[in-house]
Structure formats: C-alpha cells, structure tokens
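> The following block contains a protein sequence and its predicted model.
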Amino acid sequence: MRKKLVSVLLVAAMGVSVLVGCGSSSGNEGDKKASGDENVLEFYHGYYQDESEWPAAQVMRDIYDEFAQEHADGDVTFKPIAVENRDDIVSAQVAGGSYPDMVDVGGNGVPQAAISQELVYDLKPYIDENNLQDAVGLNYTQHDLDGHIYAVHDQIESRGLWYNAALFEKAGVSADAFADWNTFKDAMTKIAGLGDESYGYIAGQGSGCIINAIMASTDAGKKMVESELTEDIINSDEFANAFKTTAKLDQANGSEHTTDDNGNLMAEFNTNGKVGVLFNGVWNASGIDESLVDAIEPALFPGNISISSAGGGLTVANNMSEEKTALALEFVKYMTSAEVQEKIFTGVQANPCNTTVDLNALAEASGDAATMKLAKACAQVNEADTIVIDMKYTWGSDVNKAIINALMECAVSGTDIDARFEALQKELLALIG
C-alpha cells in the first residue's frame with residue numbers, strides 16, 4: 001500500500017541553529033554522517049518529558065539506556081538524545097542533503113524528500129532475513145512503500161472508544177448503542193437529556209475518528225481512506241455521507257463540547273465522569289481515575305471497526321558505516337523484541353507492535369485493573385472485523401486539520417452543514433493542488 005508521506009522543506013534558521021548545537025553537520029559526502037563521529041550512533045527521540053509529567057517517557061528512556069549500556073564497550077556506542085523538535089531536526093538535515101543517524105519520526109512520518117534522495121535505509125530486507133514480520137506487526141503492511149519499509153514503530157496507535165457504563169445505565173442505554181450510527185445518536189441524545197451537565201462525547205478531534213470509521217464501513221470508503229486524497233474522493237458520495245453524518249452528530253452534541261485537542265477535555269471523561277463516550281486510544285486506560293475504572297469499558301466503532309496505525313517510527317540513515325548500520329538494525333530488533341514490547345505494554349500502557357506478545361497474560365500478572373482494561377481494549381482493536389489506518393497518515397495532517405475545523409464549525413447550532421461541506425471541498429481541492 002502506498003502511503004502519503006508528508007515533507008516539510010522550509011525550515012527556520014532557528015531549527016538549523018539547534019542542529020549546530022547538537023553537533024550535527026549537513027554534509028552528505030560518501031559515508032560522512034550528520035553526527036560527524038563514526039564511533040557514535042546518535043538516536044533522536046521525543047521522550048523528553050519529566051517523569052512527573054509523563055511516567056511513560058521515563059520508561060522509554062530507561063529502555064533506550066539499557067540498550068546503550070549493553071553496547072557501551074563496542075566499537076560503536078549508542079547515544080539516545082531526547083528532543084522536542086524532531087521534525088525541525090529532520091527537515092533541516094534533509095534540506096541539506098543528509099539525515100540523522102537514527103530518529104524516531106513523529107506523526108508526519110518520513111519526509112518524501114528524504115526518500116527521493118535515498119537518505120533513509122530500507123529496513124525490509126533486514127526484517128525478511130531475520131523473520132521479524134510478526135515482531136514488527138502492522139508496520140510490515142502499513143509502512144510498505146513500493147516494496148520498501150523505511151520506518152518501524154514500536155507501538156501501534158490504536159483507537160476504538162471508551163464508554164462510561166454507569167452513565168449509560170443512568171441514561172437507560174447499553175453497549176447496543178454501538179450497533180450503528182443511528183443507535184449511537186439516540187444514546188448520545190439520552191445522555192444529554194439527563195439534565196445534569198452530562199453529554200455524549202468530545203467532538204472536534206474525536207469527530208475525525210467518526211469520519212474515519214464511517215468511511216471504513218464500506219469497501220469503497222475504506223479503500224479511499226487508505227489511499228492518497230484525490231479530487232474523486234473529495235467529490236465522492238462516501239466522503240459526503242461520512243462528513244454530513246458526523247456533522248449532524250456533532251451539531252446535536254453541542255459546540256460547547258467541541259475541541260481540536262481531546263486532551264483539553266479528557267478529565268471530564270476520565271475523572272469527572274460527565275462524558276458518555278471518549279474517542280481516544282487504547283492507551284487512555286492509564287488515565288482513568290481509580291474511582292471510575294470499574295465503570296469505564298472499551299468498545300469498537302459501530303460496524304465492529306477499529307482505527308490502527310503504525311504511525312511514525314524508527315528510521316535509519318542510509319550510507320552509514322557498516323558498524324553503525326549494524327548497531328542501528330540491532331536496535332530495531334531490540335525495540336520490537338517480546339521482552340521490550342512487554343515493557344511497552346505494562347510500563348508505557350500502549351499497544352505493542354509485536355503480535356506474539358500475550359497481553360492478557362501480562363495484564364493478569366500485573367493485577368492492575370487499568371492494565372486489564374488496556375488488554376481488553378487492545379484485543380478488541382487488534383481483532384476487529386475491519387481495521388483501518390488513521391486518515392491523517394494517508395491524507396495528510398493538513399487535510400485532517402481542515403476537516404476537523406469544518407466539523408467544529410458545524411457543531412454550532414444553525415450552521416448550514418451542506419454549505420460548510422461545499423466550502424470544505426474547495427479547501428481540500430486547494431490543498432492537494
């Protein structure tokens with residue numbers, strides 16, 4: 001499957017100066033690398049947060065440090081570097097014709113400019129030769145680009161939905177609400193009708209998941225979401241139906257419950273128990289308040305659909321020395337190993353990419369209620385009748401943002417949904433050129 005890979009080619013001078021501060025070079029002569037040191041494999045990652053802010057970041061840093069310690073006496077050493085500006089670092093070096101030794105790219109993925117300049121190492125031969133297909137899991141299909149794999153993400157971005165069973169019961173609805181989007185709408189109306197400040201769901205960013213799931217409910221729509229956005233898709237009946245169905249749900253839900261960042265309102269679901277449904281990843285299990293953990297349950301989108309994406313992932317520079325390349329590949333194998341993947345599940349509270357890991361056994365051994373809910377959620381999204389990629393990875397983050405902005409406007413009572421959709425079509429046509 002061909003993925004749309006977003007490239008940011010214009011970089012501010014500040015981004016370049018940061019690279020200089022990191023001891024990087026923009027040259028690409030032969031085997032010359034950005035680090036300038038053939039004895040050190042530099043690895044940029046985004047887990048810079050303090051443990052008190054996000055405990056999972058410390059878990060990931062510990063995993064990286066363990067690998068570094070294991071290879072401290074080798075000819076090439078491993079140096080993990082936490083940064084907040086991965087995209088700037090990658091973009092600046094690519095603009096100069098080079099690529100970081102190794103970097104865990106974020107949501108924008110591998111820049112197309114890096115691929116076209118052959119700056120990024122093709123991981124597929126290594127994966128095939130070492131029989132790592134099960135270890136890399138969804139990466140093997142979603143990151144396949146014309147027979148090449150340039151990134152492997154050690155976690156799968158998995159989205160179903162969470163619902164408050166206690167609130168559902170209070171409103172007189174059940175999990176049957178997820179049978180289809182009509183029953184879902186009826187359930188959200190009943191929750192809003194409780195009159196105690198409860199409401200159906202956090203719209204906006206979450207609404208993007210609804211469109212994604214509705215598109216995936218038909219073979220034609222699923223194929224569209226998993227392809228690059230085209231004029232035919234923008235003008236298709238499938239896209240029109242998905243947008244307008246979602247917009248009507250959002251308008252009924254109310255604009256006061258709308259945000260372009262679920263993080264702004266997640267406490268209302270996880271802590272206050274005011275929200276019926278949360279469209280967020282399986283990882284949200286770790287955010288559920290202890291007082292609500294018995295009431296919060298995972299489910300799938302109507303039609304038994306889940307959204308799972310390999311996302312960004314570990315990337316390796318091309319044309320490094322044999323020693324540095326070998327160490328980089330060993331790190332990819334290490335991060336997708338069952339041992340490390342178990343730590344990612346229990347410590348990071350994420351869905352591992354390795355399909356051989358027994359999540360239920362790990363959850364039972366932990367004895368932790370939230371981890372058990374996490375295992376249940378992961379099992380549901382991994383075994384859904386239909387698994388579809390997040391459209392932001394195929395259609396682009398700019399397109400995704402335009403759609404969400406349009407939905408947020410439609411949530412305002414009285415907004416003409418048909419007119420706003422026509423305006424969105426024009427915006428998207430301009431974006432794809």
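Thanks, I have the structure now. Numbers count the residues shown, from 1 in each chain.

> which residue packs closest to residue 323, ignoring adjacent ones?
Spatially, and ignoring its direct neighbours in sequence, residue 323 is nearest to residue 76 (4.7 Å; CB to CB, 6 or more residues apart in numbering). (Glycine included, C-beta is placed from N, CA and C.)

> Count residues in the vicinity of that neighbour, would you?
If you count neighbours by other CB atoms under 10 Å, residue 76 ends up with 21.

> Residue 433 now?
4.

> Was I right to think residue 399 contacts residue 430?
No: proximity of residue 399 to residue 430 does not meet the contact threshold set by CB atoms under 8 Å, at 10.7 Å.

> on that earlier part again, any figure for the gap between the residue nearest to residue 323 and residue 282?
When distance is defined by CB to CB, to the nearest Å, residue 76 is 36 Å away from residue 282.

> Can you show me the CA trace of stretch 175-192 as PDB?
Output for stretch 175-192, consisting of C-alpha atoms alone and laid out as PDB, is shown next (Å, rounded to 0.1, in the frame of the first residue of the first chain):
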ATOM      1  CA  ALA A 175     -23.400  -1.100  24.700                       C
ATOM      2  CA  ASP A 176     -26.000  -1.900  22.000                       C
ATOM      3  CA  ALA A 177     -25.700   1.800  21.200                       C
ATOM      4  CA  PHE A 178     -22.600   0.900  19.100                       C
ATOM      5  CA  ALA A 179     -24.700  -1.300  16.700                       C
ATOM      6  CA  ASP A 180     -24.800   1.500  14.200                       C
ATOM      7  CA  TRP A 181     -24.600   5.300  14.000                       C
ATOM      8  CA  ASN A 182     -28.300   5.800  14.400                       C
ATOM      9  CA  THR A 183     -28.400   3.900  17.700                       C
ATOM     10  CA  PHE A 184     -25.300   5.800  18.700                       C
ATOM     11  CA  LYS A 185     -27.100   9.100  18.000                       C
ATOM     12  CA  ASP A 186     -30.100   8.000  20.100                       C
ATOM     13  CA  ALA A 187     -27.800   7.000  23.000                       C
ATOM     14  CA  MET A 188     -26.000  10.400  23.000                       C
ATOM     15  CA  THR A 189     -29.400  12.200  23.000                       C
ATOM     16  CA  LYS A 190     -30.500  10.300  26.000                       C
ATOM     17  CA  ILE A 191     -27.300  11.100  27.900                       C
ATOM     18  CA  ALA A 192     -27.600  14.800  27.100                       C
END
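
> what residues are up against residue 83?
If you count contacts by CB atoms under 8 Å, 6 or more residues apart in numbering, residue 83 has them with 22, 44-46, 48, 89.

> for those, which one is nearest residue 106?
Of all these, the one sitting nearest residue 106 is residue 46; the distance, using CB to CB, is 6.2 Å.

> ok, how many other residues are close to that closest one?
The local packing count at residue 46 equals 18, with neighbours defined by other CB under 10 Å.

> ditto for the one 5 residues further on
Counted by other CB under 10 Å, the residues lying close to residue 51 total 12.

> for residue 426, same thing?
As a burial measure, the neighbour count of residue 426 was computed by other CB under 10 Å and equals 10.

> In terms of distance to residue 207, which of the contacts of residue 83 ranks first?
residue 46 (26.0 Å).

> re the thing from before, compare residue 399 and residue 430 and say which is more crowded by neighbours.
Shown here are residue 399 and residue 430; by other CB under 10 Å, residue 399 has more neighbours (22 against 9).

> doesn't that one fall inside a helix?
Yes: counting by DSSP: H, G, I helix; E, B strand; the rest coil, residue 399 is found in a helix.

> now it: how far from residue 83?
Distance check for residue 399 against residue 83: by CB to CB, it reads 27 Å.

> Repeat that for residue 104.
Computed as CB to CB, the residue 104 to residue 83 distance reads 10 Å.

> tell me, what's touching the two both at once?
44-46.

> Would you indicate which residues of stretch 384-403 are buried?
Residues 384, 386-396, 399-400, 402-403 are the ones in stretch 384-403 that count as buried (16 or more other CB atoms under 10 Å).

> Oh, that last question was meant for stretch 322-342, not what I typed.
Buried residues in stretch 322-342, counting neighbours by 16+ other CB under 10 Å, are found at 324-337, 340-342.

> now stretch 146-166
By neighbour count with 16+ other CB under 10 Å, stretch 146-166 contains the buried residues 149-165.

> Of the residues you listed, which belong to helices?
Judged by DSSP state H, helices contain the following of those: residue 165.

> Which of the buried residues of stretch 146-166 fall within strands?
Applying DSSP state E to the buried residues of stretch 146-166, the entries found in strands are 149, 155-159, 161-164.

> can you redo the residues you listed as a markdown table with pLDDT?
A markdown table is the format used below for these (pLDDT from 0 to 100):
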| residue | pLDDT |
| --- | --- |
| 149 | 98 |
| 155 | 97 |
| 156 | 97 |
| 157 | 96 |
| 158 | 96 |
| 159 | 95 |
| 161 | 95 |
| 162 | 98 |
| 163 | 98 |
| 164 | 98 |
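
> need the residues you listed in CSV with distance to residue 222, can you?
Compiled in CSV, these are given as follows (distance: CB to CB, whole Å):
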residue, distance to residue 222
149, 22
155, 23
156, 18
157, 18
158, 17
159, 15
161, 18
162, 23
163, 24
164, 29
